[in-house]
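# Need coordinates for the below:
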Amino acid sequence: MTRDAHVKFHAYAEIFPLLEGEEFDQLVADIKAHGLHEPVVVYQDQILDGRNRYRACVAAGVEWRSIPYTGADPLGYVISLNLRRRHLNESQRAIVAAKLATLRQGARTDLSPIGEMSQAQAAELLNVGKRSVERAKIVLNEGTPELVQAVQTGALAVSDAVERIRRGIVTGVAMHPYSERGVDLYETPVPTVRALLAAEPLPLGVVWEPACGPGAIVRVLREAGHRVVASDLIDYGCPDSTGGIDFLEQLSAPEDAETILTNPPFMHADEFVRHALTLVPRVILLLRLAFIETTGRSDILDGGQLARIYVFRNRVPMHRDGWTGPRDSNPMALAWFIWDRHHRGPIELRRISWKADDEEPSGDVGDGLDIPPCLRRAAP
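I've put the predicted structure just below:
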């Protein structure tokens, strides 16, 4: 008996790991000997509860049967059943909580979150610390499938997995510990912005830079004649900008803003993409090339709205705020990712270069743009 290609697992069911190894073999043996006692539960024509029972039936050659879910809270139903049945350690629960905090309706429904569940809420629901959930998110976003699997099965603690990522054991690129990275400000080299503008003409309308930092991107855009609204969580002194603005809490874009262009804090890059696409039709982010990896970003990478990726042929030196070491050290593999809400089709991959002799311009780059009142709030 083989698995039916038409049988799909619901996204809610997928937040919990599948049984593997000896546990699964025991379930197969039990079903083969005694049959299926508890039917599979189906919701929206997909398996909501009973993935392991279904798989075990297929492996044992036993006919499986299903019943429809008739309740009003399918997500709560899945969480309650799995937490009661299974003995998950803290790292496994942290992975589940991290998945919950980024669970999405689907790529074709404007990427709005289900239930607006925060990491803190997910942590409380799964009875784990928020720091563990933050570590789990790093593993989901930056770890290889094998590393994620090791944490999900309980073979590796989430803290150990993050340490492997940080030391470059998994990715091949070492990282500074998140405890040292603060708000994760890595100033954007000016030549990378100029390389983008040479390859990708920006449309008319206001460009919003919501993580402007000291203003590297803002300066290049304004000198190229673009109207820019600049904001950030912290006031770093960018001309004509507003500090104290948490981008992830904004409910609308500035007036006439059609494009968001920024180098986001990498630890929050996923949220930046998802949230930006709910605010404007065009999103351009400078990200590590490794962003294209992992299954945790399938909704924003495979949803059809990612139009182009401009990969730098030559690696880009980038340093966190306050770095006092050599400026040409720590080169990263970076790319400009461009999402277009109206794009449908495959991703176009292009290669571009930045020029080391393309020095940063000087002078006042304020353009006198009237910043909307919603972005003029004082820092809390």
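
# out of everything not next to it in sequence, what's closest to residue 102?
Leaving aside its sequence neighbours, residue 102 sits nearest to residue 270 (CB to CB, 6 or more residues apart in numbering; 6.3 Å). Using the backbone N, CA and C atoms, a C-beta is placed for each residue, glycine as well.

# Does residue 341 touch residue 277 like I think?
Yes: counting by CB atoms under 8 Å, residue 341 does reach residue 277; the two are 6.2 Å apart.

# intersection of neighbour lists for these two?
Counting by CB atoms under 8 Å, 6 or more residues apart in numbering, the common neighbours of residue 341 and residue 277 are residue 305.

# So for these two, which sits in the more crowded spot?
More crowded of residue 341 and residue 277, by other CB atoms under 10 Å: residue 277, with 22 against 15.

# Residue 69: what's it in contact with?
41-43, 48-49, 77.

# Model confidence score at the residue lying closest to it once chain neighbours are set aside, please.
Among residues not flanking residue 69 along the chain, residue 43 sits closest, at 4.0 Å (CB to CB, 6+ apart). Note for residue 43: predicted pLDDT of 95.

# Residue 127: neighbouring residues, count only.
Neighbourhood size, residue 127 [other CB under 10 Å]: 11.

# Look up how far residue 97 lies from it.
9 Å (CB to CB, to the nearest Å).

# isn't there a strand covering residue 208?
Yes: under DSSP: H, G, I helix; E, B strand; the rest coil, residue 208 sits within a strand.

# That one reaches residue 253, doesn't it?
Yes: at 5.9 Å, residue 208 and residue 253 qualify as touching, with contact defined as CB under 8 Å.

# Looking at these two now, which is surrounded by more residues?
Neighbour count, other CB under 10 Å: between residue 208 and residue 253, residue 208 has more, with 27 against 22.

# what bridges to the more buried one?
For residue 208, the beta-bridge partners are residue 229, residue 260 (DSSP bridges).

# show me what contacts it?
For residue 208, the contact set (CB under 8 Å, 6+ apart) comprises 228-229, 231, 253-254, 257, 259-261, 280.

# Tabulate the residues you listed in CSV, adding columns for pLDDT and distance to residue 335.
As requested, the contacts of residue 208 are arranged in CSV below (pLDDT from 0 to 100; distance: CB to CB, whole Å):
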residue, pLDDT, distance to residue 335
228, 95, 22
229, 95, 24
231, 94, 24
253, 92, 24
254, 92, 26
257, 93, 23
259, 96, 17
260, 96, 17
261, 96, 14
280, 94, 20
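
# Show residues contacting the helix or strand harbouring residue 350.
Following DSSP states H and E, one finds residue 350 within strand 348-352. Here strand 348-352 makes contact (CB under 8 Å, 6+ apart) with 195-196, 198-199, 307-313, 336.

# Take the residues you listed and write them to a markdown table, including neighbour count, pLDDT and secondary structure.
Shown next, in a markdown table, are these (neighbours: other CB atoms under 10 Å; pLDDT from 0 to 100; DSSP: H, G, I helix; E, B strand; the rest coil):
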| residue | neighbour count | pLDDT | secondary structure |
| --- | --- | --- | --- |
| 195 | 22 | 94 | helix |
| 196 | 22 | 95 | helix |
| 198 | 11 | 93 | helix |
| 199 | 15 | 94 | helix |
| 307 | 20 | 95 | strand |
| 308 | 18 | 95 | strand |
| 309 | 19 | 96 | strand |
| 310 | 21 | 96 | strand |
| 311 | 15 | 95 | strand |
| 312 | 22 | 93 | strand |
| 313 | 9 | 91 | coil |
| 336 | 23 | 96 | strand |
